[in-house]
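Trainee: Give me coordinates for this.
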Amino acid sequence: MSNTSIPSSSPFQPLVENIRHWVFGLETPLENTLIALLCGGHVLYEGPPGTAKTLMAKLLAQSMHCPFKRIQFTPDMMPSDIIGTNIFNQEKHAFQFNPGPVFTTFLLADEINRAPAKTQAALLEAMQEHQVTVDGTGYKLSSAFTVMATQNPLEQEGTYPLPEAQLDRFLFKINFPYPNRDAEVKMIQNHHGQSDEKQAVSVPALLQEADLLALRNQANSIEVQDSILGYVADLAEQSRKHPRLAVGLSPRASVLWVKAAKAKAFLEGRTYVIPDDIKTVSVPLLQHRLVPYPQAELEGSTVASIIEQLLFTVKPPR
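Mentor: Numbers count the residues shown, from 1 in each chain. From the prediction side, this is the model:
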């Protein structure tokens, strides 16, 4: 049985069981990724190497029968390596656009913080507008276009930290911890006998891209009472006045917070949002948006502890 809060009647439940055949002990990252997909949001995976960040993205794309491409970011990567470039066609005597790997549905941006800022910025328009512009011409991307970026928090040498503007384009920052002992034993049992891992690690397609878009519309129709909206606004205001925060929440973050809570309610089979939905999605949604003062960090404050303080200080509606 699944350890997630997704009911058996959910259209995502077969997909979850599909993926859990290969990925163990990562129920929360998987559930948060599904919430982000229901919102049409992008996700930033953070965790040490070998914790199934790339594998989860690949299996999700397979389960939804969506085109999937992977970019390994490097310090010498250029923006054209991502979005594409115009190439002169000798036969037609004209320039022809050669699309880059961004033209897909699921894009895995592996070790995104290893590319320089200019290359990272090439993703901004694609993530926000679902289009890219090359030499003044715009090219539309898939309506379900989703970036799943990864970064390793342990190796910072030769990396370029993502600027706040780009971090804000990610709906969630999702932490991938090491598995517990039981999960790791199951993983070893499942993998050690495979002679060809590339062929073995695959799952059948259970949904289509059109299904994902339809499910997004359903999640967006979830009811939200005015008291819940006021609760989110109060939390955002409190973050801007918090004495240990240099940067609080933007109005865009407040809007995304409600959208994520609606997706959480839909995933659990409810037609309305409750305060616990707001609380449940708070850490992945806020941890990359709140910036503590350096002095606060020296005194032992973490973003997680500040989020906990915010949720304790602002009382939820009854």
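
Trainee: Quickly list the domain ranges of the chain.
Mentor: Split into domains by automatic domain parsing, the chain comes to 13-196, 221-313.

Trainee: Could you export those domains as JSON lines, including mean neighbour count?
Mentor: C-beta coordinates here come from the backbone N, C-alpha and C atoms, glycine included. Shown next, in JSON lines, are the domains of the chain (neighbours: other CB atoms under 10 Å):
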{"stretch": "domain 13-196", "mean neighbour count": "17"}
{"stretch": "domain 221-313", "mean neighbour count": "17"}
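
Trainee: now these in a markdown table, with distance to D211 and mean pLDDT?
Mentor: Shown next, in a markdown table, are the domains of the chain (distance: least, CB to CB, whole Å; pLDDT from 0 to 100):
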| stretch | distance to D211 | mean pLDDT |
| --- | --- | --- |
| domain 13-196 | 7 | 88 |
| domain 221-313 | 14 | 95 |
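
Trainee: Looking at those, spot the one closest to L213.
Mentor: domain 13-196 (5.9 Å; CB to CB).

Trainee: who's in contact with T33?
Mentor: 43, 56, 60, 148, 172, 174 (CB atoms under 8 Å, 6 or more residues apart in numbering).

Trainee: so which of these comes closest to E31?
Mentor: Taking CB to CB as the measure, E31 lies nearest I174 of these, at 9.7 Å.

Trainee: so is the closest one in a helix, a strand, or just coil?
Mentor: strand (DSSP: H, G, I helix; E, B strand; the rest coil).

Trainee: cool, and the one 10 residues further on?
Mentor: Assigned with three-state DSSP, E184 falls in the helix class.

Trainee: wait, it sits on G50?
Mentor: No - E184 is not in contact with G50 according to CB atoms under 8 Å; the separation is 10.9 Å.

Trainee: What pairs with the helix or strand where T85 lies, parallel or antiparallel?
Mentor: Element membership of T85, judged by DSSP states H and E, is strand 84-89. Strand 84-89 has the following strand partners under DSSP bridges: strand 94-99 (antiparallel).

Trainee: Give me the residues contacting the strand it pairs with.
Mentor: Here strand 94-99 makes contact (CB under 8 Å, 6+ apart) with 83-89, 134-135, 137, 139.

Trainee: Perfect, that will be all.
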